[in-house]
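> sequence and computational prediction follow.
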Amino acid sequence: MPSISDNFLRGFRGAFLDFINDPFYGSELANVRYVPDGLLVCSEGMIQAFGPYSELQEKYTKIPITTCPGQLIMPGFIDTHIHYAQLEMIASYGEQLLEWLNKYTFPVEGKFKDQTYASKMASLFLDELLKNGTTTALVFATVHPESVEAFFAEASQRNLRMIAGKVLMDRNAPEFLRDTPDRAYEESKHLIQKWHKKGRLLYAVTPRFAITSTPEQLQLAGKLLQEFPDVYLHTHLSENVKEVAVVAELFPESTGYLDVYDRAGLVGERSVFAHGVQLTEQEFQRLSEAKSAISFCPTSNLFLGSGLFKLHRAKSAACPVKVGLGTDVGAGTSFSLLQTANEAYKVAQLQGEALSAFKALYLATLGGARALTIDDKIGNFDVGKEADFVVLDLQATPLMAVRNQGMPAPSLEALAEQLFGLIMLGDDRAIQATYVAGELAYQRPSSSLS
Ligand code: GUN
Ligand code: ZN
């Protein structure tokens, strides 16, 4: 076989893990793809070949190959719900959702009218994502178009696949954070035309939640979705008991929280709803029918005392709802999707369920990509997808090194054990390197003490 040499080709050799389908359904292990000695070949940011090294080596003898001994390479993590403007007020004490928003969140979001400040925070935020192995996120900016401009400009510079949008908010918020229905429509439209599908960027129409939008504003959000059918809808839904009661008061004509969004035409295949902790069975059924997604944000739901998301209900075989993992920083307490998976496990345990390591890591990769209907582009190592990936060190700390012995794992069963240890004990220290479109975007400093 002739050997391929091409200036743009680059290989990565090591142990690889990804998912070819959803391990929540059918045989879990049949949907796991583990290649203990594999080769990933990238060309101009895309995956050109992937498989066992022994099968591909002959074809690629002339390309530069980076080896990752003793490590595990996975698709880049996908965070399906996060607020970049809340970076600086992460870990704010003592309140539940509505009080927390008024006391901590709104004052901080006011700062993002200043585009220079917003750029600085966007840069810090993206550094933090990459440090945690996250290569794609669905991101809330603030009500200010400047905050979206700043975010997309920073993400574009790094060639990241990111989805974001301007927050719509025309009532029940401080004056300095309020827009109007018309202004929200015009500003969003302008931002969509400027940024949606520019490079790897995508736009999400982003009403904050039902409490902070008038029915008129939600209707205009629906109009935007009709005019731009391939943009996303990103909002919060049924997170907290008090919130649900306020929504019922504000929208007496609606049959429930989800119905408020439904009446405005906001419940569709590209709609992503954060939380869904308080959803009724009927609402789960409607989300399933509409093929909408829920972002499960366990660290946030525990931190704000919101409650336990019924993951097992969402993933039921008879009436499934798409789910991804969200950190929801700054109500979430970690940028790490490993730590988020750790808390997801405990939320499941409190409901008598066990979330396996493979299922949790599926949610952080291909499951997230499916929740964002972007699985044709990212989420696993299929040839033709974008080459965003993370190099994991399962022995990153002395404790992890004794917990996770014998790399690469000789079997799927052994791997499952190690990955569970990774999820329980790992965080940004386990991220050895993060690659974006085949290029090194973050490398863990070698001198750092664990
Ligand atoms: N609901 C409305 N806004 C927010 C927010 O900023 N964070 C969370 N967790 N829930 C919300
Ligand atoms: Zn949120």
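Thanks, I have the structure now. Ligands and ions are numbered 1, 2, ... in the order given.

> so Met169 makes contact with Thr212?
Yes - Met169 lies in contact with Thr212 (C-beta atoms under 8 Å); the separation is 4.3 Å. Any C-beta I mention is one placed from the backbone N, CA and C, and that applies to glycine too.

> tell me which of these two has more neighbours.
Met169 (25 against 22; other C-beta atoms under 10 Å).

> that one: what's it in contact with?
If you count contacts by C-beta atoms under 8 Å, 6 or more residues apart in numbering, Met169 has them with Val143, Leu177, Arg178, Asp179, Ala184, Pro207, Arg208, Thr212, Ser213.

> quick check, pLDDT for the second one.
Translated: Leu177. Looking at Leu177, its pLDDT is 98.

> count the neighbours of it for me.
21.

> same check, this time on the fifth one
Residue neighbour count, defined by other C-beta under 10 Å, stands at 26 for Ala184.

> you'd agree it is in a strand?
No - according to DSSP: H, G, I helix; E, B strand; the rest coil, Ala184 belongs to no strand; its state is helix.

> so it is in contact with Asp170, correct?
Yes - using C-beta under 8 Å, Ala184 is in contact with Asp170, at 6.6 Å.

> overlap in contacts of these two?
Gln217.

> any idea how far the residue nearest the centre of the chain lies from ligand 2?
The C-alpha lying nearest the average C-alpha coordinate of the chain belongs to Asp79 (C-alpha atoms, centre = their mean; 1.4 Å). Look at Asp79 and ligand 2: by C-beta to the ion, to the nearest Å, they are 11 Å apart.

> now that residue, nearest residue through space, not along the chain?
In this structure, Asp79 finds its nearest non-sequential neighbour in Ala137, 4.1 Å apart by C-beta to C-beta, 6 or more residues apart in numbering.

> list the contacts for that neighbour?
Ala137 neighbours (C-beta under 8 Å, 6+ apart): Ile78, Asp79, Thr80, Ile82, Leu129, Met162, Ile163.

> in strands only, show me the residues you listed.
Ile78, Asp79, Thr80, Ile82, Met162, Ile163 (DSSP state E).

> and the residues you listed as CSV, adding distance to Phe335 and pLDDT?
Formatted as CSV, the ones in strands among the contacts of Ala137 follow (distance: C-beta to C-beta, whole Å; pLDDT from 0 to 100):
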residue, distance to Phe335, pLDDT
Ile78, 13, 99
Asp79, 8, 99
Thr80, 14, 99
Ile82, 8, 98
Met162, 14, 99
Ile163, 17, 99
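
> need these in TSV with distance to Phe228, can you?
TSV is the format used below for the ones in strands among the contacts of Ala137 (distance: C-beta to C-beta, whole Å):
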residue	distance to Phe228
Ile78	22
Asp79	23
Thr80	20
Ile82	23
Met162	17
Ile163	13
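
> and stretch 97-116 with ligand 1, contact?
Yes - Stretch 97-116 reaches ligand 1 (C-beta under 6 Å from any ligand atom) through Leu97, Leu101, Thr105.

> what about the helices in the stretch 201-350 of the chain?
For the stretch 201-350 of the chain, helices defined by DSSP state H, counting those that start in this stretch occupy the ranges 215-227, 241-250, 257-263, 281-290, 298-303, 311-314, 337-349.

> among those helices, which is nearest ligand 2?
Among the helices of the stretch 201-350 of the chain, the nearest to ligand 2 by C-beta to the ion is helix 298-303 (6.8 Å).

> whichever of the contacts of Ala137 end up buried, select them in PyMOL.
Per 16 or more other C-beta atoms under 10 Å, the buried members of those correspond to this PyMOL selection:
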select buried, resi 78+79+80+82+129+162+163
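
> show me which of the contacts of Ala137 is closest to ligand 2.
Ile82 (7.4 Å).

> partner residues bridging the closest one?
With DSSP bridges as the criterion, Ile82 is bridged to Val139.

> Asp328 is in contact with His81, correct?
Yes - at 5.3 Å, His81 counts as touching Asp328 under the criterion of C-beta under 8 Å.

> need the residues touching each of those two.
Shared contacts of His81 and Asp328 (C-beta under 8 Å, 6+ apart): Ala274, Ser295, Cys297.

> number of nearby residues for the last one?
The burial count assigned to Cys297 is 33, neighbours taken as other C-beta under 10 Å.

> so who does it touch?
Contacts of Cys297 (C-beta under 8 Å, 6+ apart): His81, Ala274, His275, Phe309, Leu325, Gly326, Thr327, Asp328, Ala331, Gly332, Thr340.

> flag the shaky bits of this protein, pLDDT-wise.
Within the chain, the segments meeting pLDDT under 70 span 1-6, 447-450.

> quick check: longest helix of it.
helix 115-131 (DSSP state H).

> need the residues of this protein near ligand 2, please.
The chain has residues Ala274, Asp328 near ligand 2, with proximity defined as C-beta under 5 Å from the ion.

> packing partners for the helix or strand that Ala369 is a member of?
Using DSSP states H and E, Ala369 sits in helix 366-371. The helices and strands touching helix 366-371, judged by 3 or more C-beta pairs under 8 Å, 6 or more residues apart in numbering; DSSP states H and E, are strand 9-19, strand 77-83, strand 293-296, strand 322-325.

> of the contacts of Cys297, closest to ligand 1?
Ala331 (3.6 Å; C-beta to the nearest ligand atom).

> can you say which of the helices and strands packed on helix 366-371 is nearest to Ala357?
Nearest to Ala357, of all the helices and strands packed on helix 366-371, is strand 9-19, at 10.1 Å by C-beta to C-beta.

> please, where are all the helices along the stretch 351-450 of the chain?
Under DSSP H, counting those that start in this stretch, the stretch 351-450 of the chain gives helices at 357-364, 366-371, 398-403, 412-425.

> how near is the nearest residue to Phe228 once chain neighbours are set aside to ligand 2?
Closest residue in space to Phe228, ignoring its immediate chain neighbours: Ile192 at 5.4 Å, by C-beta to C-beta, 6+ apart. Remark: distance between Ile192 and ligand 2 (C-beta to the ion) = 21 Å.

> please look at Ile192 and Leu225 and confirm they touch.
No - the criterion here is C-beta under 8 Å, and Ile192 misses it with Leu225 at 10.4 Å.

> next, show the common contact partners of those two.
Contacts common to Ile192 and Leu225, judged by C-beta under 8 Å, 6+ apart, are Val205, Val231.

> now the helices of the stretch 351-450 of the chain in TSV, with mean neighbour count?
As requested, the helices of the stretch 351-450 of the chain are exported to TSV (neighbours: other C-beta atoms under 10 Å):
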stretch	mean neighbour count
helix 357-364	26
helix 366-371	26
helix 398-403	14
helix 412-425	19
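
> for those, which one sits closest to Lys291?
helix 366-371 (10.1 Å).

> can you pull the buried residues of stretch 431-448?
For stretch 431-448, a neighbour-count test (16+ other C-beta under 10 Å) marks Ile431, Gln432, Ala433, Thr434, Tyr435, Val436, Ala437, Gly438, Ala441, Tyr442, Arg444 as buried.
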